[in-house]
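Peer 1: Need the 3D shape of this:
(chains A and B)
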Number of protein chains: 2
Amino acid sequence: MVKHAKDCDDAHFAVQDTLYVIGGKWKMVILSILVRFGTKRFGELARLTGISARILSKELNELEQNKLISRKVCDTKPITVEYSATAYSKSLHEVINAMIKWGRNHKKKIREK
Amino acid sequence: MVKHAKDCDDAHFAVQDTLYVIGGKWKMVILSILVRFGTKRFGELARLTGISARILSKELNELEQNKLISRKVCDTKPITVEYSATAYSKSLHEVINAMIKWGRNHKKKIREK
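Peer 2: From the prediction side, this is the model:
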């Protein structure tokens, strides 16, 4: 396959991978809470976001699998589980800043008639 | 609301807006074809992507509403409709490059055990 086309396909898959990891309605909501306000328990996250327990568990599991958050089981009665943003989550800084910038400009662009 | 918190919320909504516009399985597939290979007809896009006509119409409509692609009805028999990436779509350059970079690094990171 022409090297150029292969590079484009690799680039395309990299974009799809990024969108898969941070896309959807809730992942960035959860991550920004943990980055801004620090470690949170499951119950706190559920209250702060209003997400159902089933969906919150799925989103947290995927964020953990992608090493963006860490999970700690605390030996309390009842047992509590704490979630924190990992140092690796800071690697999203450039993507998030670019999306903030684009999103703000896009809002203005869309309002132009 | 404390100014800092308001800025964070604005930033958060800007990220959600960006993810809404470019997120999902197909939008970046369609846009990258139009950017890489130029103007395409509906049928060509359907063949190149394998997306069903119903979903392709929905994705093209949303991309057009967000001014990332333009649509031209050609006076042929039967009528044909052509789609092109707009100059504005180039504004996504920084977001896409940041996603390519992060996606590629993330692939390596996830393979590390």
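Peer 1: Tell me where chain A has strands.
Peer 2: A:40-41, A:69-74, A:80-85 (DSSP state E).
Peer 1: buried ones in the last one?
Peer 2: Okay, so that is strand A:80-85. Residues of strand A:80-85 classed as buried by neighbour count (16 or more other Cβ atoms under 10 Å in any protein chain shown): A:Glu82, A:Tyr83, A:Ala85. C-betas here are computed from N, CA, C, even on glycine.
Peer 1: Need the CA coordinates for that strand. CSV is fine.
Peer 2: Written as CSV, here are the backbone C-alpha positions of strand A:80-85 (Å, rounded to 0.1, in the frame of the first residue of the first chain):
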residue,chain,number,x,y,z
THR,A,80,-15.8,2.1,49.9
VAL,A,81,-14.1,2.5,46.5
GLU,A,82,-12.1,5.6,45.7
TYR,A,83,-11.3,6.9,42.2
SER,A,84,-8.5,9.3,41.3
ALA,A,85,-7.2,10.8,38.0
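Peer 1: wait, does that strand make contact with chain B?
Peer 2: No: using Cβ under 8 Å from any Cβ of the partner chain, strand A:80-85 never reaches chain B; the gap is at least 14.3 Å.
Peer 1: Just want the angle from that strand to strand A:69-74.
Peer 2: 160 degrees (axes from the mean of the first three to the mean of the last three Cα atoms, to 10 degrees).
Peer 1: Strand partners (parallel or antiparallel) of strand A:80-85?
Peer 2: strand A:40-41 (antiparallel), strand A:69-74 (antiparallel) (DSSP bridges).
Peer 1: Which elements pack onto the helix or strand bottoming out on mean pLDDT in chain A?
Peer 2: Within chain A, no helix or strand scores below helix A:3-22, which has a mean of 80 by mean pLDDT, DSSP states H and E. Of the remaining helices and strands, those touching helix A:3-22 by 3 or more Cβ pairs under 8 Å, 6 or more residues apart in numbering or on different chains; DSSP states H and E are helix A:27-37, helix B:3-22, helix B:27-37, helix B:93-111.
Peer 1: In a markdown table, list the ones you listed along with distance to B:Ala46 and mean neighbour count.
Peer 2: Formatted as a markdown table, those follow (distance: least, Cβ to Cβ, whole Å; neighbours: other Cβ atoms under 10 Å in any protein chain shown):
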| stretch | distance to B:Ala46 | mean neighbour count |
| --- | --- | --- |
| helix A:27-37 | 30 | 18 |
| helix B:3-22 | 21 | 16 |
| helix B:27-37 | 10 | 18 |
| helix B:93-111 | 24 | 17 |
